[in-house]
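Student: This is a predicted model, with the sequence first.
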Amino acid sequence: MTLNAKEIFTASMVLFAVIDIIGNIPIIISLREKAGHIHSEKASIIAAVVLTVFLFVGERILNLIGINVNEFAVAGAFVLFFIAIEMLLGITLFKDDGTGPEVATIFPLAFPMLAGPGSLTTLLSLRAEYEIQNVIVAILINIVFIYIVLKTSARLQRILGKNGIEIIRKVFGVILLAIAVKLFTSNIQELFN
């Protein structure tokens, strides 16, 4: 079991783009205002557990319903494509009505914002292309980054400003769009072989 720095870096960047923690700073700040407080540690741990568990049992779940990883990766490429379009166009599909800090920490923050359909689909797509230990390291890197962003979200908003956050969101939208195309083309070929 050897770690591959290139795979770790690529998987980390893909997950970072899909989770879009920087682009979600405005939503996180809004949740903090509505709920009063967000438990950054708890949200990070729950997201890490959901992502890691799905990495290991997601494929078995797919096998139970008769779908292989390449088919799921192609479907995941479509999901990533739409997430990228969402990021580029500034569309938000999920809105929270505001609840207490305990509930807001788990739902919607840990799930579905951090460990949502896009990131779960991405994990299985990454597992089809990369060694599992590299994907696990990529998850951990992202969880550490998520924790830091959650803890410092108010300061980050002041530093980056609204325009800075939008620019970062657009850049990662383009990167994610390119990744979606790559996932689609590489996995669609596998289906026809």
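Tutor: Sure thing, it's come through.
Student: Wait, Asn134 touches Ala11, no?
Tutor: Yes. Between Asn134 and Ala11 there is a contact under C-beta atoms under 8 Å: 5.9 Å. To be clear about C-beta, it is placed using only N, CA and C from the backbone, and glycine gets the same treatment.
Student: Of the two, give the one with the bigger neighbour count.
Tutor: Neighbours around Asn134 and Ala11, counted as other C-beta atoms under 10 Å, are more numerous at Ala11. The numbers are 27 against 24.
Student: any idea which helix or strand carries the more buried one?
Tutor: helix 5-19 (DSSP states H and E).
Student: so where's the chain uncertain?
Tutor: 92-99 (pLDDT under 70).
Student: And the helices in it?
Tutor: Taking DSSP state H to define them, one finds helices in the chain at 5-19, 25-35, 40-64, 69-89, 101-104, 117-129, 132-151, 153-192.
Student: gap between the closest residue to Ala154 other than its chain neighbours and Ile8?
Tutor: Nearest residue to Ala154 in three dimensions, chain neighbours excluded: Ile29, at 6.5 Å (C-beta to C-beta, 6 or more residues apart in numbering). Per C-beta to C-beta, to the nearest Å, Ile29 is found 30 Å from Ile8.
Student: can you list the residues that contact stretch 108-126?
Tutor: The contact list for stretch 108-126, computed with C-beta atoms under 8 Å, 6 or more residues apart in numbering, reads 11, 14-15, 18-19, 21, 24, 27-28, 31, 38, 42-44, 46-47, 50-51, 54-55, 58-59, 62, 69, 72-73, 75-77, 79-80, 83, 94, 96, 135, 138-139, 146, 183, 187.
Student: try 7 Å this time
Tutor: 11, 14-15, 18-19, 24, 27, 31, 38, 43, 46-47, 50-51, 54-55, 58-59, 69, 72-73, 76, 79-80, 83, 94, 96, 135, 146, 183 (C-beta atoms under 7 Å, 6 or more residues apart in numbering).
Student: Show me what counts as buried in it.
Tutor: 108-116, 118-126 (16 or more other C-beta atoms under 10 Å).
Student: which residues does the spatially most central residue of the chain contact?
Tutor: By C-alpha atoms, centre = their mean, the mean C-alpha position of the chain lies nearest to Ile19, the distance being 2.5 Å. Residues near Ile19 by C-beta under 7 Å, 6+ apart: 114, 119, 142, 146.
Student: Please repeat the previous calculation with a cut-off of 8 Å.
Tutor: 114, 118-119, 142, 146.
Student: How about Ile22, nearest residue that isn't a chain neighbour?
Tutor: Ile168 (4.9 Å).
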